[in-house]
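>>> Kindly generate the corresponding structure for this input.
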Amino acid sequence: MEADSIQTYIQRAEVLLKEYKYESALETAEAALQNALYHNDNSNLGYISNILAKIYELNEEDTKAITEYKRGITYASTVKDIGLKSDLYNNLANLIIKKPEHRGEGVKFYIDAYQLAERLEDTARMVKPLLNLGDYYISKDLYLESYEHLKVAKELINEHSPILYQTKLNILLGKYFLSIRRFERSNKYIDKGISMALSQSKNKANSTELLYTYYWELASAYKAKSDLYSKQNEFEQAYNYLLEYQSNFTRASKLKKEIELQRATIQFEVGQFKKQIKQNEVEKDERAEEEIKWHISIILGVVIILISLAFLINAYKNNTQKKKLNKDLIEKNAELKAAKETAEQVSTLKSQFISTVSHELRTPLYGVIGLTSLLMEHPEEKKRYEYLESLKFSGDYLLALINDVLQLSKIETNEVTLEKVSFDLRTLIEGISNSLQSKQKHNNNNLHIQIDPAITSMLYGDSIRLSQILINLVGNSLKFTKNGNIWIKVDQLASSDHDCKLRFVIKDDGIGIPKDKQKNIFENFAQVKNGTQEFEGTGLGLAIVKKLIHLHNSEIEIESEEGKGAEFTFTIVYELAKKKGSSDTYDEDIVQEEDLSIGTTTFNILIVDDNKINQIVTQNILKKKEYTCDVASNGSDAIDLVRVNDYDLILMDINMPEMNGLDATKVIRTFNPYIPIIALTAVEEGEVRDQALSVGMNDVIIKPYDTQQFFQTILKNISHSQVKKVR
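This is a model prediction of the structure:
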């Protein structure tokens, strides 16, 4: 047999393999193998090993199949047949990826197959391992890893690519976008995959094995479609697509059983097959016709028994599969029912939120509008100061309410992260005490601070979140206590060279909390009523406290008896801030307040704001400190003024017509790198700080602001600017 004849035998063996004629395929491949070995034809030996491995794999002789695939890779490497080597790696990966102990090796073989095909610029060979990798990672819920390979496959596959490749790609992309909740894109890809699979499932020219593949893809697509609608709370649609999944899964299972039945009725063994043929030929003339008929009867009986056994096994498997599918449907229905109940709870919570916030917004708004009207009617009366004080209280209450709602929303959506700055605990707690003096006087309470003397170091952590926790807890105690005492206690439980564990206790001798209410007070909108007495507030404060403490990997505990006060306790571990100049320092994060003796306290400041009322408010606040001011209504005017005037600092609004504050800052930094520019904006700080600093701004002040903090920020930034100029 010459080389050309060997190739003809290889092609014939591949055709026989597709027709499930494994004995004939094996016999033909064996003939080609013997002659290829005789001629030392390593090129054809690689292709023969691939065919033999497929025969072993289809007959579930995995060990033999793996051996043949690896032998084929060796032959392909010898003759440098990159295309064959790529195919062998892909086929070997398909086999061993099913075994948990070999999954890592399987992924490596897929990547090897792709890289070899890439060297040949063979698109079809490149796509196969990419789709296989995408399918594998999605089956393991590793969606980002899957998309890395699907993205490359998407660039390679076009309308001229095989329909099966296009179908698989669209369904896998649909599953990926479903995992990241991009429902519209997911739906688009899944529908496209379903359309292609449906058309091919009706193509009578397709083989049984190919039809099985398309029905399996349809089942997978309808399952993803059901999950898509379930995640959007459209449970009826989800259920309908689940039924479609069941229908196509059953069709695929039926076709698979037909294929397995064809395999079960064909027995083959390489050595025994040849030996049996020779033995039959020798004994043909020696045995009588009756004996031959007797053997034939036995063989037919065995075949009938095997076929019957195969039917019984398939019937059993089918029954088991149906039971499992019914169980899955029952579980899915239970999940959908639970999801429906959750949706109803969310709707109830939404109504409660609207009702609560509506009431809490209207109450202070009524005060603002009513008191403003009184001031306009009687601007000279003695009650003007009292009206103004009440007006400010209503405004402060509105601001606190809005801040609470925004803070809770950010925590719920995981947008709040802990910052790390150095701070002095005593200074922080004393500042909180001073800020709550008006609340202390309102109910005639005394606030006591007890800080463990062992706490001597500066701490390194999120001082703002700690302030929010303490202000909410202490404010709560002040609200529910009259003519009493509130204690803030901080004890050091443990310490090392790098960190310390602190226990915070907020205690009061107020009205206390009933036992049956203590489990619910940390829920959103939860409020405790004492008889007929109601207390103002949305019920968000303690919910925010609990979530902020959870961010510190801690829990809050409560001890209280009705009429005997309440005690809240939590612990937080803080790093110790190193002093400047010591090893392992935190650099700029622990720089202490600079000496603000900078030569003058009269500064020339440029206010950039398009809102006239905001301009007037900011000007008058600055004039109290005898600062001089210029005003610009947009970024373009601000640039012109900075070019011709010498300003100590710029207060820059972000959102303005013609040119916004960010673009104006970029331009100013091209000719003046030193002047401090502070963003003065009503946008949430977390949304604007990084953006502001990236264009060259020095700091951010959020409107409305505390006046003392406002001037401290101005002085700090002017001081920094002058230090930089000196350097």
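
>>> surely Ala31 meets Ile10?
No. If you go by C-beta atoms under 8 Å, Ala31 and Ile10 don't touch, sitting 10.2 Å apart. Every residue, glycine included, has its C-beta placed from N, CA and C.

>>> The stretch 501-650 of the chain: helices as residue ranges?
541-551, 612-623, 635-644 (DSSP state H, counting those that start in this stretch).

>>> a markdown table for the ones you listed, including mean pLDDT and distance to Leu329?
A markdown table is the format used below for the helices of the stretch 501-650 of the chain (pLDDT from 0 to 100; distance: least, C-beta to C-beta, whole Å):
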| stretch | mean pLDDT | distance to Leu329 |
| --- | --- | --- |
| helix 541-551 | 86 | 37 |
| helix 612-623 | 86 | 61 |
| helix 635-644 | 95 | 62 |
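
>>> Just put these in TSV and tack on distance to Asp141.
Below are these laid out as TSV (distance: least, C-beta to C-beta, whole Å):
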stretch	distance to Asp141
helix 541-551	26
helix 612-623	50
helix 635-644	48
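
>>> which one is His102 nearest to, not counting chain neighbours?
Sequence neighbours aside, Ile96 is the residue nearest to His102 in space, at 4.0 Å (criterion: C-beta to C-beta, 6 or more residues apart in numbering).

>>> got the contact list for the one you found?
For Ile96, the contact set (C-beta atoms under 8 Å, 6 or more residues apart in numbering) comprises 66, 102-103, 105-106, 109.

>>> Could you do Glu68 as well?
Counting by C-beta under 8 Å, 6+ apart, Glu68 has contacts 49-50, 52-53, 56.

>>> and the next element down the chain from whichever helix or strand it is part of?
Following DSSP states H and E, the helix or strand that holds Glu68 is helix 62-79. Of the helices and strands lying after helix 62-79 in sequence (DSSP H and E), the nearest is helix 82-96.

>>> now that next one and helix 62-79, what's the angle there?
Counting by axes from the mean of the first three to the mean of the last three C-alpha atoms, to 10 degrees, helix 82-96 lies at 160 degrees to helix 62-79.

>>> would you list the helices of the stretch 501-650 of the chain in CSV and tack on mean neighbour count and distance to Ala310?
Formatted as CSV, these follow (neighbours: other C-beta atoms under 10 Å; distance: least, C-beta to C-beta, whole Å):
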stretch, mean neighbour count, distance to Ala310
helix 541-551, 20, 59
helix 612-623, 14, 84
helix 635-644, 17, 81
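
>>> for the stretch 401-550 of the chain, which spans come out with low pLDDT?
Across the stretch 401-550 of the chain, the ranges flagged by pLDDT under 70 are 401-416, 524-539.

>>> mind redoing it with 80?
Along the stretch 401-550 of the chain, the parts satisfying pLDDT under 80 run over 401-417, 419, 435-439, 516-520, 522-541.

>>> So which residue is smack in the middle of this structure?
Nearest to the geometric centre of the chain sits Ile180, at 7.3 Å (C-alpha atoms, centre = their mean).

>>> residue contacts, it?
Tyr143.

>>> same thing with Glu567?
Glu567 sits next to 505-508, 558-560 when contact means C-beta under 8 Å, 6+ apart.
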